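Undergrad: Sequence and predicted structure below; questions after.
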Amino acid sequence: MHLLVRCLERLTLGMNWLAAVAAVLMSLFVFLGVVMRYLVGSPFMFSDEFVGLLFVSMAFLAMPLGLVMRRHIVLDIVTRDLRAPLRHIVDVAATLILTTFGVWFMVLSYDFAAFSKLLDSRSDVGAMLLWPWMAILPACTAILVLVGIGQLFDSLRQLAGRPSLFTVSGAEDMP
């Protein structure tokens, strides 16, 4: 289990680097699009679509690390004053909800990407092939589900009094 958690942490860190590359490319293409439009008078035909695809890729590539580090949105008002046993139980319930939603979203987004591939779907203006971009959604969600399952088992370990296996965690120590 310890090796699996380390692999998941490294994978999510790598995905976050890819998200950073997507953010830099997105900024670069927005800048180049403005330069081409206002200085040259001939904008890139595909830049707006490409920037949109990069944005969605960036968001989904960054999500798993946010979960690993526990830097996602939480209802802090509910769990702030809870002691360790009850807090871990609430964490288990929240992780189960997230994992269930992740599996559901992964299945639906996979079907969407597979149908897009079947149709050889392309963007309107730039005629870019869309299914590889759509495949990023179920792939990143699968990693998110794996992290959720890992954190579920980790919360159960912590409930039993053992320390967390996740080292790239931003969560405060639970009393």
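TA: Received the coordinates, thanks.
Undergrad: Check which helices and strands the lowest-mean-pLDDT helix or strand in the chain sits against.
TA: The helix or strand of the chain with the poorest confidence is helix 76-79; it has a mean of 75 (mean pLDDT, DSSP states H and E). Counting contacts by 3 or more Cβ pairs under 8 Å, 6 or more residues apart in numbering; DSSP states H and E, helix 76-79 packs against helix 84-119. Using the backbone N, CA and C atoms, a C-beta is placed for each residue, glycine as well.
Undergrad: Enumerate the positions of the helix it packs on that are buried.
TA: By 16 or more other Cβ atoms under 10 Å, the buried positions in helix 84-119 come out as 87-88, 90-92, 94-95, 98-99, 102-103, 106, 109-110, 112-113, 116.
Undergrad: how far is that helix from where the chain is centred?
TA: Remark: helix 84-119 is offset 11 Å from the chain centroid, using Cα atoms, centre = their mean, to the nearest Å.
Undergrad: do the same with stretch 1-19
TA: How far stretch 1-19 lies from its chain's middle: 12 Å, per Cα atoms, centre = their mean.
Undergrad: For the least confident helix or strand of the chain, which outside residues touch it?
TA: Contacts of helix 76-79 with the rest of the structure, by Cβ atoms under 8 Å, 6 or more residues apart in numbering, involve 87, 90-91.
Undergrad: Closest one of those residues to His2?
TA: Asp91 (19.7 Å; Cβ to Cβ).
Undergrad: Kindly provide the distance from that closest one to Trp133.
TA: Taking Cβ to Cβ, to the nearest Å as the measure, Asp91 and Trp133 are separated by 33 Å.
Undergrad: Spatially central residue for the chain, please.
TA: Nearest to the centroid of the C-alpha atoms of the chain, with distances taken as Cα atoms, centre = their mean, sits Met63, at 2.4 Å.
Undergrad: What distance do you get for that residue to Ala142?
TA: For Met63 relative to Ala142 (Cβ to Cβ), the value is 12 Å.
Undergrad: wait, what's in contact with Arg10?
TA: Residues in contact with Arg10, defined by Cβ under 8 Å, 6+ apart, are absent; none qualify.
Undergrad: just checking, next helix/strand downstream of the helix or strand it falls within?
TA: Assessed by DSSP states H and E, Arg10 sits inside helix 2-35. Beyond helix 2-35 on the C-terminal side, the first helix or strand identified by DSSP H and E is helix 47-68.
Undergrad: which residue packs closest to the residue nearest to the centre of the chain, ignoring adjacent ones?
TA: Nearest residue to Met63 in three dimensions, chain neighbours excluded: Leu144, at 5.7 Å (Cβ to Cβ, 6 or more residues apart in numbering).
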